[in-house]
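A.B. asks: fold the following, please.
(one chain, ligands or ions: 1)
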Amino acid sequence: MYGRIRGKYPTGLDAPNLQRQHNLFHDIWVSTDGHEIADEVEKFGARVHGRDEETATYYAPSILAIKEFLQKHGDIEVIALLQCTSPFTKVDYLTEAFNKIISGEYDSVFSVTRQHKLFWTPHEDGTIIPDNFDVENRPRRQDWAGQLVETGMFYFFQTSLIRHNVLQGGRIGYVEVPKDHSLEIDTEFDLQVARAISRISEGS
Ligand SMILES: CC(=O)N[C@H]1[C@H]([C@H](O)[C@H](O)CO)O[C@](O)(C(=O)O)C[C@@H]1O
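C.D. replies: The predicted structure follows:
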């Protein structure tokens, strides 16, 4: 099995974490077009996949980068994509996904978190209707299991799925990540939140 970490700021690249990840993965690759990142990655024993210009853009979806990677590593059967935008990735969650996919019971496994959110859909006439609940029986968090929401921490999958243009397919399994660790960094504000959470965790 190969692990591959994608993006600009590698997740969990401290030595003990990487060492533990090496127990799961045959190889860990960091896909980047940044020289500084590449130098840093190699210090930790991961390998660097130089991203093509085409796949290193702001708009390129992850699947494009995976296809590019697989063109050079066609022999990989199972791959784990770790998105560096999830800074609270833990080896325990990866281990759970790993165990699920090697059990043979799943063709793909990805991370989710649980939410108790009331969704509404707006209509063109300016009204709005409830999506996942009944206004006459508004569920309280206490009486409702909530819903699973994808969080982009990781995606493990049989590479054969890529031929069908998907990362999630066949028998799809999931690993539930606690909300506290599910933050994804998309904006400057998310980054500030991540820093604040890290400071709080360090202080505890
Ligand atoms: C594997 C995959 O599809 N990754 C995609 C993620 C996940 O959809 C998201 O992390 C889930 O929460 O979103 C993006 O980063 C985004 O919308 O900018 C694009 C990226 O290609």
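A.B. asks: helix, strand or coil for Met153?
C.D. replies: Secondary structure assignment for Met153 (DSSP: H, G, I helix; E, B strand; the rest coil): strand.
A.B. asks: next up, the contacts around it.
C.D. replies: Taking C-beta atoms under 8 Å, 6 or more residues apart in numbering, we find Met153 in contact with 82-83, 86, 89, 93, 111, 177, 181-182, 184. Placement of C-beta: from N, CA and C, glycine included.
A.B. asks: now this structure against the ligand: closest residue?
C.D. replies: Gly152 (2.2 Å; C-beta to the nearest ligand atom).
A.B. asks: on that earlier part again, now render the contacts of Met153 as JSON lines, adding neighbour count.
C.D. replies: Below are the contacts of Met153 laid out as JSON lines (neighbours: other C-beta atoms under 10 Å):
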{"residue": "Leu82", "neighbour count": "26"}
{"residue": "Gln83", "neighbour count": "19"}
{"residue": "Ser86", "neighbour count": "23"}
{"residue": "Thr89", "neighbour count": "21"}
{"residue": "Tyr93", "neighbour count": "19"}
{"residue": "Ser111", "neighbour count": "25"}
{"residue": "Val177", "neighbour count": "22"}
{"residue": "His181", "neighbour count": "18"}
{"residue": "Ser182", "neighbour count": "20"}
{"residue": "Glu184", "neighbour count": "17"}
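A.B. asks: hey, where'd the helices end up in the protein?
C.D. replies: Ranges of helices in the chain, per DSSP state H, are 15-24, 35-43, 62-72, 91-102, 188-203.
A.B. asks: ok, which of the ones you listed comes nearest Thr159?
C.D. replies: Among the helices of the chain, the nearest to Thr159 by C-beta to C-beta is helix 62-72 (6.0 Å).
A.B. asks: can you list contacts of the closest one?
C.D. replies: Residues outside helix 62-72 that contact it (C-beta under 8 Å, 6+ apart): 4, 6, 29, 31, 49, 51-52, 54-56, 76, 79, 81, 83, 155, 159, 162, 165-167.
A.B. asks: drop anything exposed from the residues you listed.
C.D. replies: Buried subset of the contacts of helix 62-72 (neighbour count, 16 or more other C-beta atoms under 10 Å): 4, 6, 29, 31, 49, 51-52, 55-56, 79, 81, 83, 155, 159, 162, 167.
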